[in-house]
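Peer 1: what follows is a protein structure lacking sequence information:
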């Protein structure tokens with residue numbers, strides 16, 4: 001599985017990338033915005049872990065833009081945030097996300113959200 005991990009904070013990318021690589025996945029990182037959109041357009045990703053709160057384009061905006069592309073329909077997109085309350089999860093799903101992970105995450109929650117288990 002090839003996963004794009006998108007977060008403007010490099011520290012928040014380290015742990016999920018390490019877990020994914022140890023499990024045999026190919027993990028690619030992005031600091032957000034246009035870089036993430038360029039990587040999705042140029043790569044054959046199976047999934048994307050996408051932070052919601054980023055400068056410039058938010059995770060929700062990136063999700064909507066990706067979903068509007070041909071490749072966006074098959075891509076599993078999981079929201080990755082520290083700012084979600086249970087009532088907000090429904091809105092994220094309506095925006096096109098396939099799942100929501102609330103930081104701090106666990107390895108089991110990450111793998112379940114990406115359908116690796």
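Peer 2: That came through, no problem. Small disclaimer: the values here were computed from a predicted structure and weren't measured.
Peer 1: residue 52 reaches residue 81, doesn't it?
Peer 2: Yes: using CB atoms under 8 Å, residue 52 makes contact with residue 81 at a distance of 4.2 Å. Yep, even glycine has a C-beta here, placed from its N, CA and C like the rest.
Peer 1: those two: who's more crowded?
Peer 2: Neighbours were counted for residue 52 and for residue 81 using other CB atoms under 10 Å; residue 52 has more, 22 against 19.
Peer 1: distance of the more buried one relative to residue 77?
Peer 2: 11 Å (CB to CB, to the nearest Å).
Peer 1: report the distance from stretch 30-37 to the chain centre.
Peer 2: 11 Å (CA atoms, centre = their mean, to the nearest Å).
Peer 1: and stretch 68-88, by the same measure?
Peer 2: On CA atoms, centre = their mean, the centre of stretch 68-88 falls 6 Å from the chain's centre.
Peer 1: what residues of stretch 35-45 count as buried?
Peer 2: By neighbour count on 16 or more other CB atoms under 10 Å, the buried set for stretch 35-45 is 36, 37, 39, 40, 45.
Peer 1: go ahead and confirm the last one touches residue 75.
Peer 2: Yes: here residue 45 lies in contact with residue 75, judged by CB under 8 Å, at a distance of 6.0 Å.
Peer 1: if we can go back for a sec, overlap in contacts, residue 52 and residue 81.
Peer 2: Residues touching both residue 52 and residue 81 (CB atoms under 8 Å, 6 or more residues apart in numbering): residue 59.
Peer 1: biggest helix in the chain by residues?
Peer 2: helix 10-22 (DSSP state H).
Peer 1: how about the helix or strand just after that helix: buried residues?
Peer 2: Using DSSP states H and E, the helix or strand that follows helix 10-22 towards the C-terminus is strand 26-30. For strand 26-30, the neighbour count (16+ other CB under 10 Å) marks 27, 28, 29, 30 as buried.
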